[in-house]
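Chemist: Sequence unavailable; structure follows:
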């Protein structure tokens, strides 16, 4: 059973790292939107391609407040909740199987 426990622990660490990286990608996109970057820049295009699948549905549900788009804030809060719940659950499962 310890092998499955180690698998759950490894999955938790990988998921934690991936969600942390994705959180930073969203933060970089928000920061880039403040300076009105060149839309043909490859970094800006990557940020849009990486975050649009998550932010666009959130924008349809949560309309902007004036000129402020709060959908990234809501998505970041949801990501943090999912991260804490799933990672901690996988870690607990891994520890109990050892």
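Modeler: Ah, there it is. Nothing here was measured: the structure is a model prediction, and the numbers come from that model.

Chemist: For this protein, which segments count as helices?
Modeler: 2-34, 42-61, 71-96 (DSSP state H).

Chemist: Check which helices and strands the second one sits against.
Modeler: So that's helix 42-61. Under the contact definition 3 or more C-beta pairs under 8 Å, 6 or more residues apart in numbering; DSSP states H and E, helix 42-61 sits against helix 2-34, helix 71-96. Backbone N, C-alpha and C define where each C-beta goes, glycine included.

Chemist: How far off centre is that helix?
Modeler: 11 Å (C-alpha atoms, centre = their mean, to the nearest Å).

Chemist: what's next to it, contact-wise?
Modeler: Contacts with helix 42-61, where a contact means C-beta atoms under 8 Å, 6 or more residues apart in numbering, come from 22, 25-26, 28-29, 32, 37-39, 69, 71-72, 74-75.

Chemist: With mean pLDDT and mean neighbour count as extra columns, can I get the helices of the chain in CSV?
Modeler: Formatted as CSV, the helices of the chain follow (pLDDT from 0 to 100; neighbours: other C-beta atoms under 10 Å):
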stretch, mean pLDDT, mean neighbour count
helix 2-34, 95, 14
helix 42-61, 95, 13
helix 71-96, 95, 15
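
Chemist: can you tell me which residues contact residue 5?
Modeler: So residue 5 contacts 93-98 (C-beta under 8 Å, 6+ apart).

Chemist: And the residues you listed, which two are furthest apart?
Modeler: 93 and 98 (10.3 Å; C-beta to C-beta).

Chemist: Return the distance of residue 18 relative to residue 97.
Modeler: Here the criterion is C-beta to C-beta, to the nearest Å. By it, residue 18 lies 22 Å from residue 97.
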